[in-house]
Structure formats: C-alpha cells, structure tokens
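S.K.: Sequence below, structure please.
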Amino acid sequence: MLAGACLAALPGCAAAPAGPAGATDEADAVSRALRLYPPTGPVLTVAGRRVHAHVEGRGPAVILLHGASGNTRDFTFDLVGRLARRYRVIAFDRPGLGHSEPLHDRGESPLEQAVHLDAAAEALGVRRAVIAGHSFGGAVAMAWALARPARAAAVVSLAGATNPWAGGLGPWYGIAASRFGGATLVPLVAALAPRSRAEAFLGAIFRPQRVPEGYVAHIGIELALRPEQIRTNARQVNGLKPHLEAMAARYGELRLPVEILHGDADRIVALAVHGARLAAMVPGARLTTLAGVGHMPHHADPQATAALIDRAARRAGLV
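M.R.: Next comes the predicted model:
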C-alpha cells in the first residue's frame, strides 16, 4: 500500500535525491531498516520459516493480525498496551511482512497464512484465542476460523477485508506482483520513494482521522519499503479476491462468536461490501459501526476496539 502510493506519484518520488538503485543499495536499505526496527519479541521457526511475534501480558489469549504492508508495530503503538492489562496478547508479523519469512514467492493466501500462524500459536502454548484482524488481517482471521476452529475461539474483524468486491485494484498490484515488475520496478520504487511520500499515504489510510502523533516514528516505514516486502505484499493483495470468494461461500458454516468493527467513512475497505455483508452471512455475528471513522478504527476508537475484544472473549467463554 505504501509502495502503491509512491508508484502513483512516481515523478515526485524520482525527484528525491537518491543514488543508483543496485544490489548494494538494497542491502544497505534492508540493513538500516532492521537496525532501526528490530524484532520486539520471539522469532519462532515454523515449518522452516521465521515467524515474529510480539508477546505481552497475561491471561486469556488474544491474537492480533495486521493489514497490508503492515507489521506488529501498528498494534504495539497503542492497542497492545491496553489489552495486555488483562490478556496475553500475541501480535504476529504475517508471512513475508515485518520480521516474518514468506512461505513462497506466489503470494500467500489467507488460508496458508492462517494455518502457518496457527502452528506458531501452538508453539507459543496457545490453546484457544480471540483472533482479531485488521484489513487484510481480517481475511486471515476469518480463514483461521474456517480452517482451525479448535483454536479460534472468536473472531474480531477490524475493518476486515472479508468479501469479494466489484472491479479491480488498479495496475500497481498486478505489475508489482509479476516477476518482471518485481525484479525491475519494485527496487526502483523502493530506492526512490522519499519518506515524505510514504507519510502522506499514511494520511490517506487514516482519513478522515489524522495520523496519531508519534505513529510515523513508531510504525517503521522503512520496513514496509524494503523491496522484498513490497513484492510480497503486492502478491498477497493481488491474489486476495478469489480466495475471499471461496471463503465467503463457507461463512454460513461458522458457529463461533464474530464481532465486527467498521467505520462508515472507510473508503479503502467499504462497510457495505465487507463489514455489513459479513454480519449478514455469519450466524450470530454482531456489527458495530463507527460514525465518521475511516479505515483505522483501532486507532480512531481504541476503547471501542478493546470493548469488542472483551465481548468476544466473554461470548467465547474465555473470561
């Protein structure tokens, strides 16, 4: 998503001072990102692949799954601290993002991610948990409920991408997901994208709310702008729609608590297409709509977010 914004404004990106993009530059950028934003929790090995988890607090388990281009720092900025007072909170970097290793180079489906992270949760001793996912993470949370219902005690969808949508995604994701675009255009965008462009795109993600003070410094934009991260994210997003079509056909099978939090001003993952439709498809699902809130409800109203997680935990019998 961050890289997509820079592609749309490529002339502006190219105007930023930058040296030639090469293997050394890419390695230096990756090294700098890892130095500035190291892992904040255990790095597990699951099926031979690294999985990074931020673990905090004690009590019933709550698992947090971030959105496209994101990482655990989206949750550690605020929400983890609120929840860790009464839960054992585990925020995962999804495969290929943050400090977690990709599973392959084709774009991991929500189901593949859910199964992989379920194994990571088992390695951390989690028996049953509330699975809360934001945006793309909402798709993974729903896939988790479908594929591993024994561990998914309840699901909380935070502006989750849970249903297929009309139309396409524009040219960026297809280009960046291709082998040619991934090998040529992605490194160029990563090398020439100034931080200011990425910060402006964060503003669009939060709109109509403002980016919280200190968020830009905390989130680690440099992690998202590593070429391999851009490629992985593009492949995952580009391939998402058919997986959601298959998943949506099974939502009626679910018999676990599902809580949905969605802003009615979300222009990225529309309430009518995703949150409202999901509420109508899952027996017993509950939809909470936030008036005037965009795509980041857990930042716009963290109290409401925590309250929904509390309600999901109660409905699941975890508290």
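S.K.: helix or strand for the residue nearest in space to the middle of the chain, which one?
M.R.: In the chain, the C-alpha nearest the mean C-alpha coordinate belongs to G67, at 1.7 Å (Cα atoms, centre = their mean). Using DSSP states H and E, no element contains G67; it sits outside every helix and strand.
S.K.: how about it, phi and psi?
M.R.: The phi and psi torsions at G67 (degrees, to the nearest 10) take the values phi -90, psi -170.
S.K.: I'd assumed V140 was in contact with it.
M.R.: No: because the distance of 9.8 Å does not satisfy Cβ atoms under 8 Å, G67 is recorded as not touching V140. For the C-beta atoms, the positions are set from N, CA and C on the backbone; glycine is no exception.
S.K.: list the contacts for A147?
M.R.: 111, 114-115, 118 (Cβ atoms under 8 Å, 6 or more residues apart in numbering).
S.K.: I'd like the residues you listed as TSV, with neighbour count and pLDDT appended.
M.R.: Output for the contacts of A147, formatted as TSV (neighbours: other Cβ atoms under 10 Å; pLDDT from 0 to 100):
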residue	neighbour count	pLDDT
L111	19	98
A114	27	98
V115	17	98
D118	22	98
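S.K.: could you list every residue that touches the residue lying closest to the residue nearest to the centre of the chain once chain neighbours are set aside?
M.R.: Excluding its sequence neighbours, the residue lying closest to G67 (Cβ to Cβ, 6 or more residues apart in numbering) is S135, at 3.0 Å. By Cβ under 8 Å, 6+ apart, the residues touching S135 are 66-68, 70, 158-161, 268-269, 295.
S.K.: any idea how far S135 is from G182?
M.R.: Note on S135: its distance to G182, by Cβ to Cβ, to the nearest Å, is 22 Å.
S.K.: got it, and H274?
M.R.: 28 Å.
S.K.: Same drill for the two, tell me which one is more crowded.
M.R.: Legend: neighbour count by other Cβ atoms under 10 Å for H274 and G182, higher for H274 (26 against 20).
S.K.: That one contacts M142, correct?
M.R.: No: counting by Cβ under 8 Å, H274 sits too far from M142 to count as a contact (10.4 Å).
S.K.: okay, and the common contacts of those two?
M.R.: Counting by Cβ under 8 Å, 6+ apart, the shared contacts of H274 and M142 are 157, 160, 162.
S.K.: before we move on, what SS does the second one have?
M.R.: Of the three states, G160 takes coil according to DSSP: H, G, I helix; E, B strand; the rest coil.
S.K.: Assumed Q236 was part of a helix.
M.R.: Yes: counting by three-state DSSP, Q236 is part of a helix.
S.K.: Please report the distance of it from T72.
M.R.: Distance from Q236 to T72, by Cβ to Cβ: 17 Å.
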